[in-house]
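> can't give you the sequence, but here's the structure:
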């Protein structure tokens with residue numbers, strides 16, 4: 001587990017630039033710790049999206065609420081940035097923040113005994129989390145190691161009798177929990193009405209859909225003339241933040257954006273983050289992906 005109390009201060013506020021700025025501002029050891037959380041968050045939500053291709057806005061909102069859960073402000077910021085970058089790169093709008101979709105439940109002695117009966121701690125922790133939150137298996141699978149402490153899961157306090165399990169789990173990394181072999185989830189009677197996107201979420205989804213084609217590499221581009229008028233200012237704002245490169249009224253993903261998406265093995269240097277290399281693009285710049 002990453003101890004949030006010992007985290008370095010996270011530089012920057014723009015989600016797309018976060019990984020790039022951390023790589024340049026932090027020591028190698030500090031950056032490895034920060035990047036582990038960014039990567040784990042990114043991949044965890046990505047796997048959920050692959051398993052739920054027909055998800056509804058409300059299902060996505062619940063999943064994002066679990067992935068975003070954090071006690072520490074830096075932890076919350078890192079997770080939120082990873083969520084934003086992933087969803088925008090896939091053409092999906094970022095849901096507005098909501099509370100996690102569960103109410104903590106009191107654990108009975110028999111439920112704790114059931115968990116303690118497992119010798120595999122990730123299995124035991126999974127049983128505790130299922131009893132504690134009532135979440136369905138697809139949401140329990142989103143819980144990361146940094147969301148587990150010696151006395152809580154997703155911020156829900158665990159009774160002292162379960163502390164032996166929690167002490168071992170809180171010393172681990174990612175992912176945090178795994179269901180026991182043959183485990184059958186209990187019926188969940190909670191119903192969730194269909195939700196409608198807010199105007200802000202609708203605009204965010206439109207922007208994400210517009211930039212998604214660019215995020216698979218530098219050889220993909222979009223001409224400014226082909227953008228809807230309402231998108232031009234947003235694309236210019238992304239250009240100002242170095243998320244997009246623009247030359248001759250053509251937009252491409254910047255090297256910083258591709259690094260944020262784990263499509264570049266190392267942080268871009270100065271020669272790859274401005275327009276010096278753009279004239280080479282049409283002839284096959286080796287820096288392009």
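Structure's in. What do you need? The shown structure was predicted, so the numbers you read here are calculated from the model rather than taken from an experiment.

> contacts, neighbours, all on C-alpha from now
OK.

> The helix or strand where residue 246 lies: which residues count as buried?
Take DSSP states H and E as the rule and residue 246 turns out to sit in strand 244-247. Neighbour-count burial for strand 244-247 flags 244-246 (criterion: 16 or more other C-alpha atoms under 10 Å).

> for stretch 234-243, same thing?
Neighbour count says stretch 234-243 has 235-236, 238-239, 242-243 buried, by 16+ other C-alpha under 10 Å.

> Could you point out which of the residues you listed is nearest to residue 158?
Comparing the buried residues of stretch 234-243 against residue 158 with C-alpha to C-alpha places residue 243 closest, at 42.0 Å.

> For that closest one, which residues are in contact?
Neighbouring residues of residue 243 by C-alpha atoms under 8 Å, 6 or more residues apart in numbering: 16-17, 253-257.

> Could you pull out the strands in the stretch 101-250 of the chain for me?
For the stretch 101-250 of the chain, the strands defined by DSSP state E, counting those that start in this stretch occupy 152-153, 156-157, 222-223, 244-247, 250-253.

> Select, out of those strands, the one closest to residue 118.
strand 152-153 (17.6 Å).

> so how far is the closest one off the chain centroid?
Distance of strand 152-153 from the chain centroid (C-alpha atoms, centre = their mean, to the nearest Å) equals 19 Å.

> same thing with stretch 114-124?
28 Å.

> hmm, back to that, what packs against the strand holding residue 246?
With contacts taken as 3 or more C-alpha pairs under 8 Å, 6 or more residues apart in numbering; DSSP states H and E, strand 244-247 sits against helix 229-240, strand 250-253.

> ok, 10 Å please
Helices and strands touching strand 244-247, by 3 or more C-alpha pairs under 10 Å, 6 or more residues apart in numbering; DSSP states H and E, are strand 222-223, helix 229-240, strand 250-253, helix 255-260.

> Please identify the deepest-packed of the ones you listed.
Comparing the helices and strands packed on strand 244-247 by mean neighbour count (mean count of other C-alpha atoms under 10 Å), helix 255-260 ranks first with a mean of 25.

> thinking again about what came up before, now for the contacts of residue 243, which pair is the farthest apart?
Greatest spacing in these, by C-alpha to C-alpha: 17 and 253 (12.5 Å).

> any idea where the helices of this structure begin and end?
15-25, 28-51, 57-68, 73-89, 109-116, 121-133, 137-140, 163-169, 199-211, 229-240, 255-260 (DSSP state H).

> ok, residue 84 - contacts?
14-16, 42, 64, 92-95, 208 (C-alpha atoms under 10 Å, 6 or more residues apart in numbering).
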